[in-house]
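model this:
(one chain, ligands or ions: 1)
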Amino acid sequence: MTDIVSPETRSRMMSGIKGRDTQPEIQIRKILSVVGYRYRIGNKKLPGKPDITLAKYKAVIFVEGCFWHGHEDCALFRIPKSRVEFWKKKIAGNILRDRKNRRLLSKDGWRICTVWECALKGKDKLDTEKVERSIIEWILNGKKTKNIRGRKLSKR
Ligand SMILES: [Zn+2]
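Numbers count the residues shown, from 1 in each chain. Take a look at the predicted model:
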């Protein structure tokens, strides 16, 4: 079986989405810094290593890459045309792991906000101001979970 996704392409996909200091994450940090919230980055002690932890508000924020986390109905999530089974399995595994981590976090009383990459970049992205407002509102309103995603368009 030939591997059509070249190693270069794959590493570009990975570096674009995985790891610290991806651009969307920096955007979120800027938002929090502007309003003066204290946060911690990549807390290894918590399940799933949340990107941002606001201990005072018992809140964590995940900034998720739509591809790796299999974002439903999202233009940034498409299974590559080659090695379809491999990717399906890989992404399904990531989704399961995400769910498990979130369960553990909420059992421990953490509130969880997910900011999807598509809310911050690509053609469906939201106004930065809107994202900013949603995050701050959520931090303060005490709700358990919050999901911030790009505009959902009709079926494509
Ligand atoms: Zn998305």
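
rest of the way, CA atoms for contacts and neighbours
OK.

setting aside sequence neighbours, what's the nearest residue to the residue positioned nearest the centre of the chain?
In the chain, the centroid-proximal residue (CA atoms, centre = their mean) is Glu64; its distance is 1.4 Å. For Glu64, ignoring the flanking residues on the chain, the nearest one in space by CA to CA, 6 or more residues apart in numbering is Trp116 at 4.9 Å.

now do the same contact list for the one you found.
Counting by CA atoms under 8 Å, 6 or more residues apart in numbering, Trp116 makes contact with Val63, Glu64, Gly65, Cys66, His71, Asn147, Ile148, Arg149, Gly150.

among the residues you listed, which are in reach of the ion?
Cys66 (CA under 5 Å from the ion).

can you turn the buried part of the contacts of Trp116 into a PyMOL selection?
Of those, the buried ones go into a single PyMOL selection, burial set by 16 or more other CA atoms under 10 Å:
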select buried, resi 63+64+65+66+71+148+149+150
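
among the contacts of Trp116, which lie within strands?
In this view, the contacts of Trp116 that belong to strands under DSSP state E are Val63, Glu64, Asn147, Ile148.

and for the third one, nearest residue in space, chain neighbours not counted?
Translated: Asn147. According to CA to CA, 6+ apart, the nearest residue to Asn147 is Thr114 (4.9 Å).
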